[in-house]
Every structure is written in C-alpha cells, then in structure tokens.
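[1] 3D model of this:
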Amino acid sequence: MPLPLTLPSPRARPATPFAKRVLDLAGAAVLCVLAAVPLALAAGLLYVTQGGRALVREPAAGLAGRPFRVWRLRTGGAGAVGEAVERCALDALPQLVNVLRGEMSLVGPRPEPRTDRPERLLVRPGMTGLWQVSARSDLPWEEMPLLDLHYVENHWLGMDLAILARTPGAAYRHRQP
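    Sure thing, here's the model as predicted:
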C-alpha cells in the first residue's frame, strides 16, 4: 500500500529562466556525449527487432500550451528488448534533443499531449521530475499531477539539482524486480 503523499516545503528562491536554461543546455550536452553509445546500441537493437525505425515523435503540450513532438525510442512490439530498454530508461534519452531545442527541460512536469491542469503549462515539461524521484511506481495515478503542480509552484534551481541527483537512483530502483 503506498504511503501518503508528502511534499517538500516550498523555497523562496524561484529558478530564473536564464539559470534553468543554462543548466538544461549544459546538462543535455554532457548527457548527449555520455549517452551516445548506449543510445546507439539501443536504437540499433530496436531497429533490428522491430524491422523498422527505432525513433518516434509523440505529441505533447509544452510551455504556454505550445504543441511539440517528444522524441522517444519506439519500444512497443520489441518484446524483451523493448522491455529492457524501458527498464533502463534509455527510451527517454532522445528527449535530450527536445531539451537542446528548448521544447523541454531536464526537470519539469511530465510531458503530456494535453492537460486538464493549465498550471502545468507555466513551465517546460521535463525528462525527469518530482514525480519520478518520489515513489515513481508506488504513487497512485491520481496523485502524480499533485507532484507536477507542486513543482510548478515551488521550483528553484536547488530543487532541480536535487531531482537530477536523485534520478539515477530512482531509475535503478524502478527497474529492480
């Protein structure tokens, strides 16, 4: 049974758009270099096992509701290979292109095609977020938007750095059987 949702207390220092963008560009550039080989291997395996393209672009609503396409590895229909790629969170690595283009951020609310909560559109959607590092799979679906809204209302650069630092551990815990 999931634990009740508890959120960190708000901070008084909001992330400045310039500082957040610098963090996004620097982080995405470093991650592109580090992820190049695993991403190429995963895309190659998916291409071979699916008999076609490994990349897909899915619709999403971005900052201020602007539509854009989220890049992902196409894992559906790839059997065990696709499941392994998802468990290792490699399917989201192509979103680094979205971050470099300014459509997404490294940290933010989950990208969705549309939202019933327009407050989510006040910041760029993120590759990772408070939802991912806070009991990712144990959280009831109806509580996930609360984490997104908490992030929108209280984000600051320190929170982004803390979320980025906790993301690898959360992804590792998520893929454990």
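[2] Quick check: closest non-adjacent residue to the residue positioned nearest the centre of the chain.
    Nearest to the mean C-alpha position of the chain, by CA atoms, centre = their mean, lies M127 at 2.0 Å. Closest residue to M127 apart from its sequence neighbours, by CB to CB, 6 or more residues apart in numbering: Q95 at 4.9 Å. From N, CA and C alone the C-beta is placed, and that goes for glycine too.
[3] if we can go back for a sec, can you tell me the SS state at the residue nearest to the centre of the chain?
    When classified by DSSP: H, G, I helix; E, B strand; the rest coil, M127 comes out as strand.
[4] just to revisit the earlier point, show the pLDDT at the residue nearest to M127.
    According to the prediction, Q95 has pLDDT 96.
[5] what about it, neighbour count?
    Other residues near Q95 number 23, with proximity taken as other CB atoms under 10 Å.
[6] Over to the one 3 residues further on?
    For N98, the number of neighbouring residues by other CB under 10 Å comes to 26.
[7] what's the distance between the residue lying farthest from the centre of the chain and R74?
    Farthest-out residue of the chain from its mean C-alpha position, per CA atoms, centre = their mean: G51, at 26.9 Å. Taking CB to CB, to the nearest Å as the measure, G51 and R74 are separated by 11 Å.
[8] just A35 next, same as before
    17 Å.
[9] Q132 now?
    Taking CB to CB, one finds Q132 at 21 Å from R74.
[10] What of H150?
    32 Å.
[11] And A165, by the same measure?
    Taking CB to CB, one finds A165 at 30 Å from R74.
[12] Tell me which of the two has more neighbours.
    Neighbour tally, A165 and R74, criterion other CB under 10 Å: the higher count belongs to R74, 21 against 10.
[13] for the more buried one, phi and psi?
    Reported as degrees, to the nearest 10, the phi and psi values for R74 are phi -80, psi 100.
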